[in-house]
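Peer 1: could you work out the structure for the sequence below:
(one chain, ligands or ions: 1)
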Amino acid sequence: MTSQRKLDLVSVVTIACLLIVAALLLWWTPGDWWIATPRASHWVSAVMTMVTYLVLCVWIAWIPSRGPSVKQTSYDDNAANSLEEDTPSDVHNDAKVVVLYASQTGTAEELAIETATRLTENNIHSEITAIDELHERRWCGEETFLIIASTAGQGEPPDHAFEFAEELMNRSIDMTSLRYGILALGDSDYEEYCAFGRQINEWLTKCGAQPLFDIIEVDDGDRVSIEQWESQVDKITIGRGDIRETTRLNAVAGPPLHDMQRKMRDSVSL
Ligand SMILES: Cc1cc2nc3c(=O)[nH]c(=O)nc-3n(C[C@H](O)[C@H](O)[C@H](O)COP(=O)(O)O)c2cc1C
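Peer 2: Predicted coordinates:
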């Protein structure tokens, strides 16, 4: 329950209690209770009480507009967001992180969901989407992308990202407003180790995007690299505590795979 709801509930309960007390007093006082015209001093104190009450009501109603505002962000108002004084230096003025994934057998997608969950726990807005489903113009916006990309085939992108790699990644786009981090999944047994993640990194660098940290490569699910990624994700902060977290799952992103499913999948891919 939000604090505003709690306040509303307290107000309702208080008013109900006062009404009950008033009814009891009315019932308890027999006969005429308005026995004489009040004295002037009583009128004065009654008027002062009323004025004080009204002033208090106006003051309480005014408090929320002075307090910290809840920032609602949308893609269109990113430019309007301004750096706060307490914003850490490696952090951006965008209150949302877009988690992109390219995945053949689900590991990158699963890690994307975990990353978005982590961001949500850190009170950061996030959005998950497959890398090829993001609208083209988003790549030149003032955004922050966390990209988790695996390599398939012989150094190729996963199937769903094939066209994206062929079309968009061959274009030069102005990405100077974009900040990004990449987690490249691969297996050093393959000649083209983490090739697709590296290609994305190269493309973004060429287009002028700003890396938040060096590309992190994960060799066959290496836990240490994933923990390194998690600690980088934790460093992404907006420096404000008043932003409500929302995670939009644009993609057909099911729940994270259970260990058993993962083991089965790994044994299939071996
Ligand atoms: C058929 C196949 C081909 C792969 N080719 C490569 C490759 O060329 N380079 C590489 O670094 N890893 C390669 N890998 C390893 C995957 O990138 C790695 O297992 C990754 O974690 C899979 O992530 P995903 O489930 O999101 O697709 C390959 C894996 C499979 C099953």
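
Peer 1: residue 173 contacts residue 207, doesn't it?
Peer 2: Yes: under the criterion of Cβ atoms under 8 Å, residue 173 is in contact with residue 207, at a separation of 5.1 Å. From N, CA and C alone the C-beta is placed, and that goes for glycine too.

Peer 1: anything in contact with each of these two?
Peer 2: Any residue near both residue 173 and residue 207 by Cβ atoms under 8 Å, 6 or more residues apart in numbering counts here, and that gives residue 139.

Peer 1: pLDDT of the helix or strand encompassing residue 51, averaged?
Peer 2: With secondary structure defined by DSSP states H and E, residue 51 is part of helix 40-66. Mean pLDDT, helix 40-66: 79.

Peer 1: paired strands for the helix or strand following it, with orientation please.
Peer 2: Counting by DSSP H and E, the next helix or strand C-terminal to helix 40-66 is strand 96-102. Strand 96-102 has its sheet partners listed here by DSSP bridges as strand 125-130 (parallel), strand 144-150 (parallel).

Peer 1: buried ones in the helix or strand hosting residue 217?
Peer 2: For residue 217, the host element (DSSP H and E) is strand 216-219. Buried residues in strand 216-219, defined by neighbour count with 16 or more other Cβ atoms under 10 Å: 216-218.

Peer 1: return the residues of the stretch 1-150 of the chain in contact with the ligand.
Peer 2: Taking Cβ under 6 Å from any ligand atom as the contact definition, the stretch 1-150 of the chain meets the ligand at 103-108, 150.

Peer 1: please flag which of these sit within helices.
Peer 2: Residues of those located in helices (DSSP state H): 107-108.

Peer 1: and the angle from the helix or strand residue 181 falls within to strand 144-150?
Peer 2: Under DSSP H and E, the secondary-structure element containing residue 181 is strand 179-186. Counting by axes from the mean of the first three to the mean of the last three Cα atoms, to 10 degrees, strand 179-186 lies at 10 degrees to strand 144-150.

Peer 1: average model confidence for strand 179-186?
Peer 2: Throughout strand 179-186, pLDDT has a mean value of 98.

Peer 1: next, count neighbours for the residue lying closest to residue 189 once chain neighbours are set aside.
Peer 2: Take residue 189 and drop its neighbours on the chain: the residue closest to it by Cβ to Cβ, 6 or more residues apart in numbering is residue 220, 7.5 Å away. Applying other Cβ atoms under 10 Å, we find 11 residues neighbouring residue 220.

Peer 1: residue 220 touches residue 188, doesn't it?
Peer 2: Yes: with contacts defined as Cβ under 8 Å, residue 220 counts as touching residue 188 at a distance of 7.2 Å.

Peer 1: after the strand holding residue 181, next one along is what?
Peer 2: In the C-terminal direction, the helix or strand that comes right after strand 179-186 (DSSP H and E) is helix 195-206.

Peer 1: direction-wise, compare that next one with strand 96-102 and give the angle.
Peer 2: Direction vectors for helix 195-206 and strand 96-102, defined by the same axes, to 10 degrees, enclose an angle of 140 degrees.

Peer 1: and for helix 195-206, what are the contacting residues?
Peer 2: Under Cβ under 8 Å, 6+ apart, the answer for helix 195-206 is 102, 131, 147, 149-152, 155-158, 161, 165, 169, 172, 175, 178, 180, 182-186, 211, 215, 217.

Peer 1: got a list of what the residue of the stretch 51-200 of the chain found nearest the ligand touches?
Peer 2: Each residue of the stretch 51-200 of the chain has a distance to the ligand, by Cβ to the nearest ligand atom, and the smallest belongs to residue 186, at 2.4 Å. Contacts were defined as Cβ under 8 Å, 6+ apart; by that measure residue 186 touches 150-151, 193-195, 197, 217-220.

Peer 1: good, wrapping up.
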